[in-house]
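[1] Could you work out the structure for the sequence below:
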Amino acid sequence: AAPAPELVVFSEGCAELLGLSAEDCESEAFLRLASGDLPEGVESWATAYGVHFSGRYGGQRGDGRAVSIGQLRNGYEVQLKGSGRTPFSRGFD
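    Numbering: from 1, shown residues only. Below is the predicted model:
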């Protein structure tokens, strides 16, 4: 988690898709969650991704796209992008 997280801006359209109100997004709980301070019992995960170049497999790329922190009832998966190293980090990208 960030040492002193601060909300700069949030997307009203994205919040609406996730079923969140402006009040939800401006709450201390949301700020903690968005900064990676997950509530007890919430497990995060990451998945690697691969790439194809001109029809040939190019191997694993990237750090594992993001850290996923849950899936909502509407099917959307919530991810923290740029939240640190994942089990798939290669250390140079």
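[2] Could you verify that Ile69 is part of a strand?
    Yes - the assignment for Ile69 by DSSP: H, G, I helix; E, B strand; the rest coil puts it in a strand.
[3] ok, the most centrally placed residue in the chain - contacts?
    The centroid of the chain falls nearest to Leu80 when counting by Cα atoms, centre = their mean (1.7 Å). With contact set as Cβ atoms under 8 Å, 6 or more residues apart in numbering, Leu80 has these partners: Ala34, Gly36, Ser44, Ala66, Val67, Ile69. Bear in mind the C-beta positions are built from the backbone N, C-alpha and C, glycine included.
[4] Buried among these? Make that a ChimeraX selection.
    To isolate the buried members of those in ChimeraX, using 16 or more other Cβ atoms under 10 Å:
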select :34,44,66,67,69
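[5] Output the contacts of Leu80 in TSV, with distance to Ala4 and pLDDT appended to each entry.
    Rendered in TSV, the data for these read as follows (distance: Cβ to Cβ, whole Å; pLDDT from 0 to 100):
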residue	distance to Ala4	pLDDT
Ala34	14	86
Gly36	13	83
Ser44	21	85
Ala66	23	77
Val67	20	83
Ile69	20	87
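[6] where's the helix or strand encompassing Cys14 relative to the chain centroid, distance-wise?
    Under the assignment given by DSSP states H and E, the secondary-structure element containing Cys14 is helix 12-17. For helix 12-17, the distance from its own C-alpha centre to the chain's C-alpha centre is 16 Å (Cα atoms, centre = their mean, to the nearest Å).
[7] Need the CA coordinates for whichever helix or strand comes after that helix. PDB is fine.
    Next along the chain after helix 12-17, taking DSSP H and E as the criterion, comes helix 22-25. Output in PDB follows, covering the C-alpha atoms of helix 22-25 (Å, rounded to 0.1, in the frame of the first residue of the first chain):
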ATOM      1  CA  ALA A  22     -19.200   9.300  -6.100                       C
ATOM      2  CA  GLU A  23     -19.500   9.000  -2.300                       C
ATOM      3  CA  ASP A  24     -18.100   5.400  -2.600                       C
ATOM      4  CA  CYS A  25     -15.100   6.500  -4.700                       C
END
